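[1] kindly generate the corresponding structure for this input.
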Amino acid sequence: MTHITGFTPFQGQHCETNTTGNLLSHCGFTLSEPMLYGLGEGLAFGVMNFKSMPAPFIGGRPRPEEITKTLANHLGLTTEFRKTSSKKRAWQNVATFVDAGQPVGVRINAYFLDYFTTKIHFGGHYVAVHGYDDDYIYLVDTQQQGTQLKTDRARFEEGRLWRGPMAPNGISWTLTKSEEEIDWPKILRTAIVNNAHSYLNPPISNFGIKGIRKAATAIPKWFHTLENAPESLAQIGMLMERAGTGGALFRNFYRDFLSEANLILQNDLVLAAQQDFAKVAPLWREVAMLLMQLPVDQDTKLPGIASLLNQIAALEENAVKHLAQL
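    Numbering: from 1, shown residues only. Next up is the predicted model:
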């Protein structure tokens, strides 16, 4: 077995921040997961349609890998992302770094991981690899999945090159910590303001605050237009709440990020926004739970879901308007 000596897992709740947190922690630079998320300008929302998926995809975060790339830019980290369709090269992009004592971030379809009990194809999952042998890959996943785990090597390699919605494309990455001193007030303010402006001014109406209001209007219609609508909408709710694509988790992260950032910034606008996000997180959880109940309760829950989403949009709009004034 090849294993990185002295590797200690960073334990997180969201797959990308957990994976990057493991790489960063191994460099001797440990930040809280909310700080990783906030500096990655992770606050987002989007409604997307994929032809090959039975229902629209609702996500509460930016595009894949963007959190890590933005975080690295703010912290002055050196990142190396590799993408390939070659099975041989994809394996080399993991093994050569692990052999050299450096953990590797990997994007994979979660369906191919042995320990995932919910077997759905989701190509936007991330893990940190720290060891391997002829039969297994040794990795760190989220706390929900069990943190330090192993999975079948052949299936792991297959899952990295799976083709479908959000295909992993053999993506892997490593990072190196900079020795330059960090100007914390500057990078915190920049990350907060940038994220506020992008959330208020999305490129299309499917994203940001506009996207939340669009979802509020669309979900009752989806109930009558989607095939197997109750089950499809329940899966959206499950992904939001339990698979890290949206729901309360990211709003709790942003609430805690603002609280931590304000220990340095000492700003009343940040405090006001933090209080709004404290109100928002339980509402997102309620939306997810109502969606998951649709196969039983049918459309009796739809007006409540729409109302909650509009309430969320108002609170989040107020919060990010405060932050845009920093």
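
[2] now do the helices in the stretch 101-250 of the chain.
    For the stretch 101-250 of the chain, the helices defined by DSSP state H, counting those that start in this stretch cover 153-160, 184-200, 208-225, 229-242, 248-265.

[3] how about these in JSON lines, adding mean pLDDT?
    Converted to JSON lines, the helices of the stretch 101-250 of the chain look like this (pLDDT from 0 to 100):
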{"stretch": "helix 153-160", "mean pLDDT": "98"}
{"stretch": "helix 184-200", "mean pLDDT": "98"}
{"stretch": "helix 208-225", "mean pLDDT": "91"}
{"stretch": "helix 229-242", "mean pLDDT": "84"}
{"stretch": "helix 248-265", "mean pLDDT": "96"}
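
[4] dump those helices to a markdown table, plus mean neighbour count and distance to Ile58.
    (Each C-beta comes from the backbone N, C-alpha and C, glycine too.) Putting the helices of the stretch 101-250 of the chain into a markdown table (neighbours: other Cβ atoms under 10 Å; distance: least, Cβ to Cβ, whole Å) gives the following:
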| stretch | mean neighbour count | distance to Ile58 |
| --- | --- | --- |
| helix 153-160 | 18 | 23 |
| helix 184-200 | 18 | 16 |
| helix 208-225 | 18 | 6 |
| helix 229-242 | 20 | 5 |
| helix 248-265 | 22 | 12 |
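
[5] quick one: contacts for Gln274?
    Arg255, Leu258, Ser259, Asn262 (Cβ atoms under 8 Å, 6 or more residues apart in numbering).

[6] how does it look with 6 Å?
    Counting by Cβ atoms under 6 Å, 6 or more residues apart in numbering, Gln274 touches Arg255, Leu258, Ser259.

[7] out of those, who's nearest Asn194?
    Lowest distance from Asn194 to the contacts of Gln274 (Cβ to Cβ) belongs to Leu258, with 14.3 Å.

[8] quick one: the closest residue in space to the closest one that isn't next to it in sequence from His130, how far?
    Spatially, and ignoring its direct neighbours in sequence, Leu258 is nearest to Gln274 (3.9 Å; Cβ to Cβ, 6 or more residues apart in numbering). Note on Gln274: its distance to His130, by Cβ to Cβ, to the nearest Å, is 35 Å.

[9] likewise Leu200?
    39 Å.

[10] Gly12 now?
    Distance of Gly12 to His130, computed by Cβ to Cβ: 15 Å.

[11] of these two, give the one with the bigger neighbour count.
    The neighbour count for Gly12 versus His130, taken as other Cβ atoms under 10 Å, is higher for Gly12 (28 against 24).

[12] for that one, what are its contacts?
    Asn18, Gly21, Glu33.

[13] quick one: what helix or strand has the second one in it?
    Right, Gly21. Gly21 is part of helix 15-26, with elements assigned from DSSP states H and E.

[14] can you list contacts of that helix?
    Here helix 15-26 has contacts from 10, 12, 33, 36-37, 67-68, 103, 105, 125-126, 128, 140, 142, 175, 244, using Cβ under 6 Å, 6+ apart.

[15] out of those, which is nearest to Ala324?
    Tyr37 (18.6 Å).

[16] may I have the helix or strand where that closest one lies as PDB, with CA atoms only?
    According to DSSP H and E, Tyr37 maps onto helix 33-39. Listed next in PDB are the C-alpha coordinates belonging to helix 33-39 (Å, rounded to 0.1, in the frame of the first residue of the first chain):
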ATOM      1  CA  GLU A  33     -14.900  25.200   6.500                       C
ATOM      2  CA  PRO A  34     -17.100  28.300   6.600                       C
ATOM      3  CA  MET A  35     -14.000  30.500   6.000                       C
ATOM      4  CA  LEU A  36     -13.000  28.300   3.000                       C
ATOM      5  CA  TYR A  37     -16.600  28.700   1.600                       C
ATOM      6  CA  GLY A  38     -16.800  32.400   2.200                       C
ATOM      7  CA  LEU A  39     -13.300  33.200   0.800                       C
END
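
[17] pLDDT of the next helix-or-strand element following that helix, averaged?
    Later in the chain than helix 33-39, the nearest helix or strand by DSSP H and E is strand 46-48. Averaged over strand 46-48, pLDDT sits at 87.

[18] packing partners for the next helix or strand after strand 46-48?
    Once strand 46-48 ends, the next helix or strand along the chain (criterion: DSSP H and E) is strand 57-59. Under the contact criterion of 3 or more Cβ pairs under 6 Å, 6 or more residues apart in numbering; DSSP states H and E, strand 57-59 touches strand 46-48.
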